[in-house]
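Engineer: Compute the structure for the input listed below.
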Amino acid sequence: MLDIQGRKYASVTVCDVTLYDLVTKYPVMFFDTLQVTSIEGAAETTDIQGGQGNATLASVSHSKTVDVTFDDAIMTMSSLALLTGGNLEQASESHKITMTETEIREVKGGATTITLSRPAKVGSYVWIAMLQDGILSTSSRLVNKVAEENMTEFKLSDFNNAPVVAEDAMYRVFYEWEMGLDAAEELSELTVLADKFAGTYRFIGDTVLFNQYTGLNDIFQIEIPKLKLDSSYSMSLNASTEAVVFSFKGKALRDDLGNMIIFRQLKQDSKSGDSGEKQLDGSYRGIPAVEVTIDGETGNIITNDISA
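Structural biologist: Numbers count the residues shown, from 1 in each chain. Predicted coordinates:
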């Protein structure tokens with residue numbers, strides 16, 4: 001039975017959100033680190049006026065919208081790809097990904113070579129610049145591109161304006177390296193394309209509401225059959241102690257049945273207070289407590305089989 005007023009609930013936590021592909025029905029992203037989930041419904045109203053005094057004769061509602069925002073405290077490459085509509089690829093032997101590296105390397109006095117921490121990419125250049133009193137000197141570049149794989153050591157004489165190291169020195173090195181499939185490390189790359197945008201997904205939000213009557217948390221679910229994600233985003237990387245929040249925004253679209261948003265509530269079993277529910281009672285000489293059926297409105301015991 002649905003009550004006219006219904007039980008009173010308090011929202012106590014955020015949603016866990018799952019996005020499903022509309023065609024394959026597969027879950028494509030699960031968010032369990034959200035900070036805020038907000039849903040805003042709105043509609044426009046047009047007043048029809050006429051007659052003496054131009055009074056309002058009717059007020060017609062239209063242009064209903066449902067806007068959704070959820071902020072993720074933790075970024076993943078998958079969620080960033082979802083937000084940007086970008087192409088996410090994992091490094092493999094058939095698809096190697098190039099990284100640009102900058103690091104400080106020490107060269108001992110009298111040495112004739114400099115060693116990098118990773119092999120430089122074949123067909124690329126390596127730049128070095130001596131670090132003196134915190135200032136970088138004019139950079140020097142390899143005269144020729146890297147010709148062999150797995151090269152980490154380079155002769156200083158192979159650089160233009162070849163430096164002569166009379167004493168221990170520190171160099172800032174700039175170079176490229178690439179990686180395929182590796183058991184120890186994983187490298188992925190997200191490419192944001194000019195003609196690709198965030199898609200449309202089925203939105204399922206799962207949370208709990210505090211039931212004022214039972215003192216328990218009841219399950220509450222929000223479904224948006226078609227949620228079009230907004231492709232706009234911003235990233236602010238700063239040195240403050242506050243972590244960067246990645247904000248997802250979307251707009252609910254009308255599905256084939258006219259649905260825009262659906263709310264579901266699941267009361268906890270045997271604890272909701274509805275008429276006919278079972279609970280344990282030890283008030284009638286039952287030791288230990290026995291299962292009885294009570295009236296959820298009055299609290300009266302309907303049956304009490306003390307022989308159980």
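Engineer: For the rest of this, base every contact and every neighbour count on C-alpha atoms.
Structural biologist: Will do.
Engineer: so where's the stretch 201-308 of the chain shaky on pLDDT?
Structural biologist: Residues of the stretch 201-308 of the chain meeting the criterion pLDDT under 70: 241-242, 268-297, 299, 301-308.
Engineer: how about a cut-off of 50?
Structural biologist: 270-288, 306-308 (pLDDT under 50).
Engineer: Quick one: the strands in it, in order.
Structural biologist: Per DSSP state E, counting those that start in this stretch, the stretch 201-308 of the chain carries strands over the ranges 217-229, 246-252, 262-266, 278-281, 290-294, 301-303.
Engineer: Given the third one, what are its sheet partners and their directions?
Structural biologist: Pointing back at strand 262-266 there. Sheet neighbours of strand 262-266, with direction, are listed as strand 217-229 (antiparallel) (DSSP bridges).
Engineer: So what touches stretch 65-80?
Structural biologist: With contact meaning CA atoms under 8 Å, 6 or more residues apart in numbering, stretch 65-80 is reached by 29, 31, 33-43, 86, 88, 190, 243-252, 260-261.
Engineer: one more time with 7 Å, if that's ok
Structural biologist: With CA atoms under 7 Å, 6 or more residues apart in numbering as the test, stretch 65-80 has contacts from 33-43, 244-252.
Engineer: Give the buried subset of those as a ChimeraX selection command.
Structural biologist: In ChimeraX, a selection of the buried entries from those looks like this (16 or more other CA atoms under 10 Å):
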select :34,35,37,244,245,246,247,248,249,250,251,252
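Engineer: Surely Arg254 and Met260 touch.
Structural biologist: Yes: Arg254 is within contact range of Met260, at 5.0 Å (criterion: CA atoms under 7 Å).
Engineer: count of neighbours near Ser59?
Structural biologist: Around Ser59 there are 11 other residues, counting by other CA atoms under 10 Å.
Engineer: would Leu83 count as being in a helix?
Structural biologist: Yes: counting by DSSP: H, G, I helix; E, B strand; the rest coil, one finds Leu83 located in a helix.
Engineer: Not counting sequence-adjacent ones, nearest residue to it?
Structural biologist: Spatial nearest neighbour of Leu83, excluding adjacent residues (CA to CA, 6 or more residues apart in numbering): Ala198 at 5.6 Å.
Engineer: and if you look at Lys121?
Structural biologist: Nearest residue to Lys121, sequence neighbours excluded (CA to CA, 6+ apart): Trp177, at 4.5 Å.
Engineer: Which strand residues bridge the one you found?
Structural biologist: Beta-bridge pairing for Trp177 (DSSP bridges): Met99.
Engineer: Can you give me every residue that contacts it?
Structural biologist: Residues in contact with Trp177, defined by CA under 7 Å, 6+ apart, are 98-100, 118-121.
Engineer: Please apply the same query to Asp16.
Structural biologist: 31-32, 205-207.
Engineer: With Ala58 instead?
Structural biologist: 47-48.
Engineer: element containing it, please.
Structural biologist: Secondary structure assigned from DSSP states H and E places Ala58 in strand 55-72.
Engineer: pLDDT score assigned to Gly51?
Structural biologist: We have a pLDDT of 91 for Gly51.
Engineer: count of residues packed around it?
Structural biologist: When neighbours are defined as other CA under 10 Å, Gly51 has 8 of them.
Engineer: for the one 10 residues further on, same thing?
Structural biologist: Using other CA under 10 Å, Ser61 is surrounded by 11 other residues.
Engineer: Let me see the contact set for the nearest residue to His95 once chain neighbours are set aside.
Structural biologist: Of all residues not flanking His95 in the chain, Gly180 sits nearest, at 6.5 Å (CA to CA, 6+ apart). Applying CA under 7 Å, 6+ apart, one finds that Gly180 lies in contact with 91-93, 95-97.
Engineer: make it 6 Å
Structural biologist: Gly180 is in contact with 91-93, 96, counting by CA atoms under 6 Å, 6 or more residues apart in numbering.
Engineer: Can you flag the buried ones in those residues?
Structural biologist: Listed as buried from those are 91, 96; burial here means 16+ other CA under 10 Å.
Engineer: which pair in the contacts of Gly180 spans the largest distance?
Structural biologist: Maximum pairwise distance among these (CA to CA): 7.1 Å, between Ala91 and Glu93.
Engineer: Compute the distance between the residue nearest to Val126 when sequence neighbours are not counted and Val14, please.
Structural biologist: Take Val126 and drop its neighbours on the chain: the residue closest to it by CA to CA, 6+ apart is Tyr175, 4.7 Å away. Per CA to CA, to the nearest Å, Tyr175 is found 45 Å from Val14.
Engineer: hang on, Ser157 in a helix?
Structural biologist: Yes: assigned with three-state DSSP, Ser157 falls within a helix.
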